[in-house]
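From the sequence below, what's the structure:
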Amino acid sequence: MGRFNAMTILVTGAAGFIGFHVARALLARGESVIGIDNLSDYYSVALKRARLAEIGEQPAFTFHQIDFADHEALMACVEPADLKAIVHLGAQAGVRYSLENPLAYGRANLLGHLNMLELARNAPNLQHMVYASSSSVYGGNTKQPFAEADRVEHPVSLYAATKRADELMSESYAHLYSIPLTGLRFFTVYGPWGRPDMATWLFTEAILDGKPIKLFNDGNLKRDFTYIDDVVSGVLAVLDGPPKGPRPHSLYNIGNNRPEQVTKLIEVIEAHTGKSAQIISEPLQPGDVEETYADIDAISRDHGFQPTTSLEDGMRRFIDWFQRYRAR
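Down below sits the predicted model:
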């Protein structure tokens, strides 16, 4: 499917991990991009600013530091009539943090998502809004791999519940206003410029520094680690192919379709750094699930998505970037 013409694309969470990479890829293919981010201190603001600095001052990129949960601020900085598409990737992330600060999830993921739907509803030229959901919506499902048609009525964290709520709100807006909307259920995204609260970062940093790693559930966890370049290719392919019909709302998994033991991740880091991990065993944490595994048949069929990056290659690239980033 072809790209939109003369687009201005709004990217929320533009200083975040996936949002930064998507904004940079859109700019690289000649799009005009408005990026917004509230630069929250959930993790290092310096890292977020460093991502923005990588994009640099480009005539086609405009950045606004605003909170999209603030409806008036959002509407003041974004002119709906100028928008051809929205990639809504901003959110309060993290499963475990939702146990500590649930109100942050209500504000960013519920009120914030509703504000974005209202923005989409008032954008007369909008052709598509793609938004971030999460593999966490599958909760404690035991059927593997997770497929979009599976029931998702039993979230095991508030974070998962807010993401499922985003999907339901989007379904209602597609039904009421025929807004083309697509939700993407991301599976354990990692890579350069990643998030410091993710296992790939935490384990790499600890091993390099000779510090112990907390290994939950005795390492009996599997994750469908998905490399950021594969994710970005999937996001752009989906963006270029909005859903059709009277209720244009689609949901897709974006995963590597190959779950790996968390212990395998540690082995890969050890091999690439030449250092051994120090392990501290911990029980399974509230809100965690034992395995994630994406069925990607739907997104492959509809948008040609095919991940190509192995955990070994992806982690090699991440570790190389991580060591350069720390050195500077």
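
top helix in this protein by residue count?
The single longest helix within the chain, with elements called by DSSP state H, is helix 158-177.

Check what contacts that one and list those residues.
91-95, 97-99, 102, 105-106, 109-110, 113-114, 117, 120-121, 131-134, 136-137, 139, 152, 155, 179-181, 183, 243, 247-249, 251, 287 (C-beta atoms under 8 Å, 6 or more residues apart in numbering). The C-beta positions use only the backbone N, C-alpha and C, and glycine is treated the same way.

how about residue 43, secondary structure?
coil (DSSP: H, G, I helix; E, B strand; the rest coil).

Model confidence for the closest residue in space to it that isn't next to it in sequence, exactly?
Among residues not flanking residue 43 along the chain, residue 196 sits closest, at 4.9 Å (C-beta to C-beta, 6 or more residues apart in numbering). Confidence at residue 196, expressed as pLDDT, is 96.

you'd agree residue 196 is in a helix?
No. Counting by three-state DSSP, one finds residue 196 to be coil, located in no helix.

quick one: it and residue 206, what's the gap?
According to C-beta to C-beta, to the nearest Å, residue 196 and residue 206 sit 12 Å apart.

With neighbour numbers in mind, choose between the two.
Neighbours around residue 196 and residue 206, counted as other C-beta atoms under 10 Å, are more numerous at residue 206. The numbers are 18 against 12.

Identify the residues contacting the more buried one.
212, 213, 277, 278.

Which of the three states applies to it?
With three-state DSSP as the basis, residue 206 sits in helix.

what pLDDT, on average, does the longest helix of the chain get?
When pLDDT is averaged over helix 158-177, the result is 97.

quick one: it to chain centroid distance?
With C-alpha atoms, centre = their mean, to the nearest Å as the basis, helix 158-177 stands 16 Å off its chain's centre.

In it, which residues are buried?
Along helix 158-177, these residues count as buried under the neighbour rule (16 or more other C-beta atoms under 10 Å): 158-167, 169-170, 173-174.

OK, contacts around residue 264?
Going by C-beta under 8 Å, 6+ apart, the list of residues near residue 264 reads residue 311.

for residue 116, that is, sorry about that
So residue 116 contacts 12, 68, 74, 86, 88, 129, 131 (C-beta under 8 Å, 6+ apart).

Check residue 156 too.
Listed by C-beta under 8 Å, 6+ apart, the contact set of residue 156 reads 136, 139, 140, 286, 287, 288, 289.

Leaving out chain neighbours, which residue sits closest to it?
Residue 156 sits nearest to residue 139 (C-beta to C-beta, 6+ apart), 4.8 Å away.

Many thanks, have a good one.
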